[in-house]
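>>> attaching a predicted model along with its sequence, questions to come.
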Amino acid sequence: MNSCVFPVAGFGTRFLPYTKSTPKELLPILNKPIIHYAVEEAHEAGLNEMILIDSENKQSLREYFTSGSYIDKVLINSPKSSMLNDLNQLIDKCNFTFIKQRKMLGHGDAI
């Protein structure tokens, strides 16, 4: 199996107050979230099954890696539709599985 596990369940308290409303994995580097770069790199290494171990407060992370969202539908016929091409191509190339971590006991426990 060509899979990569990303334990992403923590609160990201080192990045407060920003992470109060946005998961740390969605913090941007230039024009993409950190997790986007990690998934791209894993895919380029030959992995296509991305397993993200998350927590209850990470719904936006699940939405990020789901095509057909509201913003996709709004932008489909606009000049800005190409802005999502990179993300949608990555979503099409990979399988994403999300597992909820019941208790946050660190990365080792999550994996």
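Noted; the coordinates are in hand.
>>> so for stretch 15-29, what's the average pLDDT?
In this model, stretch 15-29 has an average pLDDT of 88.
>>> give me the contact list for that stretch.
By CB atoms under 8 Å, 6 or more residues apart in numbering, the surrounding residues in contact with stretch 15-29 are 6, 8, 10-14, 33-35, 37, 57-58, 60-61, 64. For every residue, glycine as well, the C-beta is placed using N, CA and C.
>>> separate out the buried members of those residues.
For these, a neighbour count by 16 or more other CB atoms under 10 Å gives the buried set as F6, V8, G10, G12, P33, I35, K58, L61, Y64.
>>> tell me the pLDDT at the third one?
So that's G10. Confidence score, pLDDT, at G10: 74.
>>> got the phi/psi numbers for it?
phi -70, psi 170 (degrees, to the nearest 10).
>>> with F98 instead?
Dihedral angles (degrees, to the nearest 10) for F98: phi -110, psi 130.
>>> just to revisit the earlier point, out of the contacts of stretch 15-29, flag the one nearest to S81.
The nearest member of these to S81, counting by CB to CB, is Y64 at 17.4 Å.
>>> which strands or helices does the helix or strand hosting N88 pack on?
In this assignment (DSSP states H and E), N88 forms part of helix 85-93. Here helix 85-93 touches helix 34-44, going by 3 or more CB pairs under 8 Å, 6 or more residues apart in numbering; DSSP states H and E.
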